[in-house]
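Peer 1: sequence and computational prediction follow.
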Amino acid sequence: MAVHVFAWPMRATQHVLVIDLMYFVIHINTETFMKSTMQDGPLGLPLLLRHVASVNGRSRVGSFDAQRQRITRSFAELAARAGRLGSALEQRGFGIGAVIGTLAGASPEHLEAYLGVPASARVLHTINPRLHADQIVHIASLADDEALIVDAANLGKFREFAARLPRLRLLVIVGGPLPGDLAASLPYETIDYEALLAEGEPRLDWPIIDEHETAILCFTGGTTGLPKGVGYSHRSVWLQAMSLCTANSLALGSTSRLLPAVPLYHVNGWGLPFAALMAGADLALPGASLQPPDLLALIDAEGSTLAAGVPTIWSDLLAHLRATQRTNLGTLTTIACGGAQVPQSLIDAYAALGVRMLQAWGMTETSSMSAISQTPRWIASADRATQARCAAAQGRVVCGLEARVADLDGALLPSDGASVGEIQIRGAWVTRDYLGLDDQAHLHDGWLRTGDLGTIDADGFISLTDRVKDAIKSGGEWIPSLALEEAIRSHPAVLDVAVVALPDARWQERPGAVVVLTSGHAANSNELAQWLIPRVAKWWLPERWEFVDALPRTAVGKIDKKHVRRLMLERIDAAAPATEPS
Ligand code: ADP
């Protein structure tokens, strides 16, 4: 523990004691420090809505409804409707801090709930409809949901658990009607969303809320285990939105037209709607459909300039463009892509269409994009190795967050671009805890252990090699599954691939690869192994290959490696011969 005493130059009699506990800095000086002359005020949703109403009211949100009719609403209308929602909930006796769940697509109504619920001092809980009903009951009980806003497209899902939410006392239907048999079976009141809004006032006099209170609850996607709950505060939502507006991030402004091709239950729609509202950037919301033809129609209708989404969305869109022989994406110039490793082939394919794809890295726990691969000015004159490393990296941490790398026992490793360890992160929009979990194993000296393995270089570029839970340790050495997948994917016949760890008597673990071939292309395991030989270390070559039509995916569209591994192990246990493409 290092203890430093600094003399404050302005007043020689005052001292600031700084205790540096392995990067954890405690300032002890509360009485003597000169107070600033600045005003103070809570950051958060009320402040955002006041800005929207008084400055960004003419910007607009566009979407298609369930009948594919175009909907357009100005931000001023959105703010007024959000006001009605907050006021109606209050009149119906939902107290301060009451949790209101949503089970809905990315619609303007869902966005109204994003604003009106937290700004009225209630808590929004965005539920992922693709989770299993048991998981939804688990997270809704943990969150203590008292009301649920469900859109017509998700009523089927709602039926699966409708009777299992003991605290629920109001069901709000968007785009109804509620089928009679379902209405009759429910032990709580139901109301149409527009009827609920009509009960409220279009208030803009939002309450003053302590910026540290919870605004939104969001659960992780459950890629590596049970979904875990994170409570974003008003302050963290605000700061994260500001971060997205900065030029080294997405540079959102009032000339941008943003299409978040991201479900609103996934990491707050990556925080993008809040950033757009803050910036006055027009928003295009994809409703219930992230299908390529619908996304293209939205880009064309709304003139989107910037979009964001996980790699699967963009590889599906690319396949659609090729199948329909369309060679441009209209007004779109930039895509922020993250949530999973972004293949270089995808970045290249979009570059050929004139669209710049920025890789980003983030987690539910870090509120959205925590690192982004914007290219610094000096890169053009850097050496080739640095250029290649930066091009392949997940990006550099955004200002306000800090990242470091440590081994799995917590010993810090150098940021030299070579030392592989777990990435740790901290900052004002990184979670400290998980909802309802006392365990602190996810923290190390106050830094969040991300569960991601990788390196950080001297310029701050983060390059991931794996998730800790997916890592392959062969003979004591890690084989980076993301790099191995990238090398396999570079074969022209490979559409997609997942590499997982298989148990091995001699080496403890060896890699196994499950491959999806591009339709109309052929390649067998021998050919793919030959392709790899000049590209990766020999001991990385997969021990076993399987060929499938599609990879299993999680509820947010990521490759489900737990599932892939289980499939492979089942085949190995059954002594089934490895598949080859027919
Ligand atoms: P889940 O943990 O269930 O997948 P999240 O959606 O919060 O839930 O996912 C965060 C994780 O996604 C990160 O910890 C990381 O493993 C992965 N991820 C995010 N962006 C990238 C990226 N650009 N490259 C590789 N992995 C990424």
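Peer 2: That came through, no problem. Residues are numbered from 1 along each chain as shown.

Peer 1: for stretch 296-310, buried residues please.
Peer 2: Buried residues in stretch 296-310, counted by 16 or more other CB atoms under 10 Å: 296-299, 302, 304-310. Just so you know, the C-beta spots here come from the backbone N, C-alpha and C atoms, and that holds for glycine as well.

Peer 1: does residue 422 touch residue 448 like I think?
Peer 2: No - with contacts counted by CB atoms under 8 Å, residue 422 stays clear of residue 448, the gap being 10.2 Å.

Peer 1: counting only helices, which of the buried residues of stretch 296-310 make the cut?
Peer 2: Using DSSP state H, the members of the buried residues of stretch 296-310 that fall within helices are 296-299, 302.

Peer 1: ok, so of these, who is nearest residue 581?
Peer 2: residue 296 (30.7 Å; CB to CB).

Peer 1: the stretch 351-500 of the chain: strands as residue ranges?
Peer 2: All strands of the stretch 351-500 of the chain, identified by DSSP state E, counting those that start in this stretch, fall at 356-363, 368-372, 395-397, 401-406, 421-427, 443-444, 447-456, 461-467, 472-474, 477-479, 494-504.

Peer 1: kindly report the same for the stretch 1-150 of the chain.
Peer 2: 2-7, 15-21, 24-28, 60-64, 70-74, 99-103, 123-126, 145-151.

Peer 1: give me the number of residues near residue 570?
Peer 2: Using other CB atoms under 10 Å, residue 570 has 10 neighbouring residues.

Peer 1: would it count as being in a strand?
Peer 2: No - assessed with DSSP: H, G, I helix; E, B strand; the rest coil, residue 570 is helix; it does not lie in a strand.

Peer 1: residue 432 is in contact with residue 440, isn't it?
Peer 2: No - Residue 432 is beyond contact range of residue 440, at 9.3 Å (criterion: CB under 8 Å).

Peer 1: which of those two has more neighbours?
Peer 2: Just comparing residue 432 and residue 440: by other CB under 10 Å the higher neighbour count belongs to residue 432, 13 against 10.

Peer 1: a markdown table for the ones in helices among the buried residues of stretch 296-310, including distance to the ligand?
Peer 2: Output for these, formatted as a markdown table (distance: CB to the nearest ligand atom, whole Å):
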| residue | distance to the ligand |
| --- | --- |
| 296 | 24 |
| 297 | 27 |
| 298 | 23 |
| 299 | 22 |
| 302 | 26 |
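
Peer 1: just the closest of these to residue 391, please.
Peer 2: For those, the nearest to residue 391 is residue 299 (25.9 Å; CB to CB).

Peer 1: pick out the shakiest of the strands of the stretch 1-150 of the chain, pLDDT-wise.
Peer 2: Among these, strand 2-7 carries the lowest mean pLDDT, at a mean of 36.

Peer 1: and residue 172, bridged to which residues?
Peer 2: With DSSP bridges applied, residue 172 shows beta-bridge pairing to residue 149, residue 191.

Peer 1: redo the buried residues of stretch 296-310 as a markdown table? Include distance to residue 198.
Peer 2: As requested, these are arranged in a markdown table below (distance: CB to CB, whole Å):
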| residue | distance to residue 198 |
| --- | --- |
| 296 | 36 |
| 297 | 31 |
| 298 | 29 |
| 299 | 34 |
| 302 | 28 |
| 304 | 32 |
| 305 | 36 |
| 306 | 35 |
| 307 | 34 |
| 308 | 34 |
| 309 | 35 |
| 310 | 37 |
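
Peer 1: so can I have a markdown table of those residues showing pLDDT?
Peer 2: Formatted as a markdown table, these follow (pLDDT from 0 to 100):
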| residue | pLDDT |
| --- | --- |
| 296 | 97 |
| 297 | 96 |
| 298 | 97 |
| 299 | 98 |
| 302 | 98 |
| 304 | 98 |
| 305 | 98 |
| 306 | 98 |
| 307 | 98 |
| 308 | 98 |
| 309 | 95 |
| 310 | 92 |
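
Peer 1: and of these, the nearest to residue 333?
Peer 2: residue 305 (5.6 Å).

Peer 1: pretty sure the closest one contacts residue 334?
Peer 2: Yes - shown here, residue 305 and residue 334 form a contact pair, counting by CB under 8 Å, at 7.1 Å.

Peer 1: is it true that residue 338 touches residue 363?
Peer 2: No - in this structure, residue 338 is not within contact of residue 363 by CB under 8 Å, at 9.9 Å.

Peer 1: more neighbours: the two, which one.
Peer 2: residue 338 (27 against 23).

Peer 1: pLDDT weak spots in this structure?
Peer 2: Within the chain, the stretches with pLDDT under 70 are 1-30, 222-225, 582.

Peer 1: could you chop this structure up by domain?
Peer 2: Following automatic domain parsing, one finds the domains of the chain at 2-32, 45-64+71-374, 479-573.

Peer 1: quick one: end-to-end distance for the last one.
Peer 2: End-to-end distance for domain 479-573, by CA to CA, to the nearest Å: 23 Å.

Peer 1: would you mark the buried spots in the longest helix that the chain contains?
Peer 2: Longest helix in the chain by number of residues, with DSSP H as the criterion: helix 75-91. Across helix 75-91, burial judged by 16+ other CB under 10 Å covers 75-90.

Peer 1: how close does the residue lying closest to residue 123 once chain neighbours are set aside sit to residue 530?
Peer 2: Once flanking residues are discounted, residue 123 sits nearest to residue 99: 4.7 Å by CB to CB, 6 or more residues apart in numbering. Residue 99 is 56 Å from residue 530, where distance means CB to CB, to the nearest Å.

Peer 1: do a quick rundown of the helices in the stretch 151-300 of the chain.
Peer 2: 155-159, 180-185, 193-199, 234-245, 272-279, 292-302 (DSSP state H, counting those that start in this stretch).

Peer 1: tell me how many other residues surround the closest residue to residue 327 other than its chain neighbours.
Peer 2: Nearest residue to residue 327 in three dimensions, chain neighbours excluded: residue 353, at 6.9 Å (CB to CB, 6+ apart). By other CB under 10 Å, the residues close to residue 353 number 14.

Peer 1: which residues does residue 72 contact?
Peer 2: Taking CB atoms under 8 Å, 6 or more residues apart in numbering, we find residue 72 in contact with 60-62.

Peer 1: export those residues to CSV and tack on distance to the ligand and neighbour count?
Peer 2: Shown next, in CSV, are the contacts of residue 72 (distance: CB to the nearest ligand atom, whole Å; neighbours: other CB atoms under 10 Å):
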residue, distance to the ligand, neighbour count
60, 29, 20
61, 24, 24
62, 26, 20
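
Peer 1: in the stretch 51-200 of the chain, which residue sits nearest the ligand?
Peer 2: Residue nearest to the ligand within the stretch 51-200 of the chain (CB to the nearest ligand atom): residue 128, separated by 10.0 Å.

Peer 1: around that residue, how many other residues sit close by?
Peer 2: 23.

Peer 1: correct me if wrong: it contacts residue 220.
Peer 2: No - using CB under 8 Å, residue 128 makes no contact with residue 220, being 9.7 Å away.

Peer 1: which neighbours do these two have in common?
Peer 2: residue 227.

Peer 1: kindly report the residues of this structure close to the ligand.
Peer 2: Residues of the chain lying close to the ligand (CB under 6 Å from any ligand atom) are 220-224, 267, 338-342, 359-364, 394, 450-452, 464, 467, 556, 558.

Peer 1: buried subset of the residues you listed?
Peer 2: By 16+ other CB under 10 Å, those give 220-223, 267, 338-342, 359-364, 394, 450-452, 464, 467, 556, 558 as buried.
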